[in-house]
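In: could you work out the structure for the sequence below:
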Amino acid sequence: MKYNQLGASDLNVSEICLGTMTWGTQNSEAEAHEQMDYALEQGVNFFDTAELYPTTPVGAETQGDTEKFIGSWFKKTGKRDKVILATKISGRGRAYIRGGVPISGAEIEKALDLSLTRLGTDHVDLYQLHWPNRGSYAFRGNWAFNPSTQDTAHATAELLEALEALGKAKKAGKIRHWGVSNETSWGVMKYQQLADSQGLPRMVSIQNEYNLLDRKFDTDLAEVCHHEQVGLMAYSPLAAGLLSGKYLDGARPAGSRGTINSDLGGRFGGYEEPAVRAYVELARKHDLDPSAMALAFCLTRPFMASVIIGATTMEQLKTDIGAKDIKLSDEVMKGIQHIHRTWTLPI
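Out: The predicted model follows:
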C-alpha cells in the first residue's frame, strides 16, 4: 500500500480509503466489521464516513448507524489508533438531521459532538463540510449551475463562521484537520484566503466526485488544489458501479444500488452507456477487471490523495483494494484518453 500526505497536513493516508455509506442498509454491522478488519489488514488506514450515512437509501430510521458501526468496531478491537478517521457534517435539506438547517458555527459544534458520541471517540482526524450552503454543481448540478444568484458577502460570512467553528474545534482537540466536499474552486480559494487573513486553520482536503466518466476536477480545481496544498479524496471512482459494467444493456442486478437509487444520483441520464461499454471493452481487451482498471486510473492522477472505495461484498472489496497493485500500460492509458476525448462528460 502506498501512503500519501493529505494536503499540507501531518496525516499520511493510504491511497485507498474505505468508504462506508452502505453500512446500515445494504451491509449489516457484522459485515461492516468484516470490511474494516480486512481493509486494515491490507494496509488501508483511512476510513471515511458521515453523519448522513447510510445512503443506500437515506432515511431517518437509519441515519447515524454507519458511525455507530464504526464505533462498535473501535470498542471491540481497540484499534482506534490504527485508523485515520474522517466524517462530515450535513447541510441544509434533511429535516431529520438537526432540523435540516444550513451549516453554521453552532451546528458544527452540535453535529461534531453527536458524531463523536456515535463513533465512540474523543476526536476525528478529518472533519468535512458535506456540501456548501450556497449549493454546488455536484450530482449533475453542473448542467444548470448558476452562481450568479449567490450573494458574495453572505456566502463569505458563512464561510468565515464555519472556519471559526472549525478552528475552535481544533483548539479543543476534537478535530485534527478539516476539509470540504462537493466544493468549487472559488470555495477552496476563499476558505484559504480567510484562514490566512484570520489566523485560522487551512483546509487540507476536498472530497469531490472523480472517475472515468466525470473528470471535471482535471482543470481549475486541480490547479487550485496543487497551489493551495489540498488533496483530493475521490468519491464514486466507479461512478456508483457503472464502470463495473454491471448495468450495461439495462441490467439491474439484485441488491445493487441501481435497484435502490433508481437514477444513481443522476448518472443514468441516457448518455453513459456507450462510454461505459468502451471502458469495459478496453479493460477486457487487456485482461483487466473493469472496476480495477477504473480505480487504477484514479490512482495515477497527480492530485489524488486517496480514492474512496465502497463495497457491499467481500469479493468487491478485495477487487477494489487490489487495484493498488495494477500498473496501467501506455496502451491502456492511450485507450482511456481516446475514450475520454470521444465521450468527455457522459454523466
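In: only C-alpha atoms for contact and neighbour calcs from this point on.
Out: Noted.
In: over to Ala155: give its phi and psi.
Out: Note on Ala155: its backbone torsions stand at phi -60, psi -40 [degrees, to the nearest 10].
In: distance of the nearest residue to it once chain neighbours are set aside relative to Gln150?
Out: Spatial nearest neighbour of Ala155, excluding adjacent residues (Cα to Cα, 6 or more residues apart in numbering): Arg134 at 6.7 Å. Counting by Cα to Cα, to the nearest Å, the gap between Arg134 and Gln150 amounts to 7 Å.
In: now Cys17
Out: The gap separating Cys17 from Gln150 is 34 Å, by Cα to Cα.
In: who's more crowded, the two?
Out: Shown here are Cys17 and Gln150; by other Cα atoms under 10 Å, Cys17 has more neighbours (26 against 11).
In: where does the more buried one sit: helix, strand or coil?
Out: Using DSSP: H, G, I helix; E, B strand; the rest coil, the structure places Cys17 in strand.
In: got a list of what it touches?
Out: Going by Cα atoms under 8 Å, 6 or more residues apart in numbering, Cys17 touches 44-48, 306-309.
In: tell me the pLDDT at it?
Out: Cys17 carries a pLDDT score of 98 in this model.
In: ok, now which ones touch the nearest residue in space to it that is not next to it in sequence?
Out: Nearest residue to Cys17 in three dimensions, chain neighbours excluded: Ile308, at 4.5 Å (Cα to Cα, 6+ apart). By Cα under 8 Å, 6+ apart, Ile308 lies in contact with 16-19, 48, 233-237.
In: most neighbours, which of the residues you listed?
Out: When neighbours are taken as other Cα under 10 Å, the top entry among the contacts of Ile308 is Ile16 (31 neighbours).
In: may I have the beta-bridge partners of that residue?
Out: Beta bridges link Ile16 to Val307 when assigned by DSSP bridges.
In: relative to Gln42, how far out is Gly99?
Out: Counting by Cα to Cα, the gap from Gly99 to Gln42 is 39 Å.
In: next: Gln192.
Out: Using Cα to Cα, Gln192 is found at 35 Å from Gln42.
In: neighbour count: those two, which is higher?
Out: Using other Cα under 10 Å as the criterion, Gln192 and Gln42 rank with Gln192 on top: 20 against 14.
In: quick one, what contacts the more buried one?
Out: Applying Cα under 8 Å, 6+ apart, we find Gln192 in contact with 202-203, 228.
In: by neighbours, which of the residues you listed wins?
Out: Taking other Cα under 10 Å as the neighbour criterion, Met203 ranks highest of the contacts of Gln192 with 27 neighbours.
In: mind checking the SS state of that residue?
Out: What three-state DSSP gives for Met203 is coil.
In: next up, the contacts around it.
Out: When the contact criterion is Cα under 8 Å, 6+ apart, the partners of Met203 are 177-180, 191-192, 230.
In: same thing but 10 Å
Out: Contacts for Met203 (Cα atoms under 10 Å, 6 or more residues apart in numbering) come out as 7-9, 126-128, 163, 166, 177-180, 188-189, 191-192, 195, 228-231.
In: go on, Ala111?
Out: Residues in contact with Ala111 (Cα under 10 Å, 6+ apart) are 51, 88-90, 97-98, 103, 117.
In: and the next helix or strand past the host helix or strand of it?
Out: Counting by DSSP states H and E, the element that carries Ala111 is helix 105-119. Next along the chain after helix 105-119, taking DSSP H and E as the criterion, comes strand 124-129.
In: buried set for that next one?
Out: For strand 124-129, a neighbour-count test (16 or more other Cα atoms under 10 Å) marks 124-129 as buried.
In: stretch 204-215 too?
Out: 204-214.
In: same thing with stretch 305-325?
Out: Neighbour-count burial for stretch 305-325 flags 305-312, 317-318, 320-324 (criterion: 16+ other Cα under 10 Å).
In: repeat that for stretch 41-49.
Out: Quick answer for stretch 41-49 (16+ other Cα under 10 Å): 43-49.
In: show me where the protein has helices.
Out: 29-41, 65-77, 105-119, 152-171, 185-198, 220-228, 273-285, 290-299, 314-322, 330-342 (DSSP state H).
In: now those helices as TSV including mean pLDDT and distance to Leu264?
Out: Output for the helices of the chain, formatted as TSV (pLDDT from 0 to 100; distance: least, Cα to Cα, whole Å):
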stretch	mean pLDDT	distance to Leu264
helix 29-41	98	22
helix 65-77	98	20
helix 105-119	98	27
helix 152-171	98	30
helix 185-198	98	25
helix 220-228	98	24
helix 273-285	98	13
helix 290-299	98	17
helix 314-322	97	18
helix 330-342	98	21
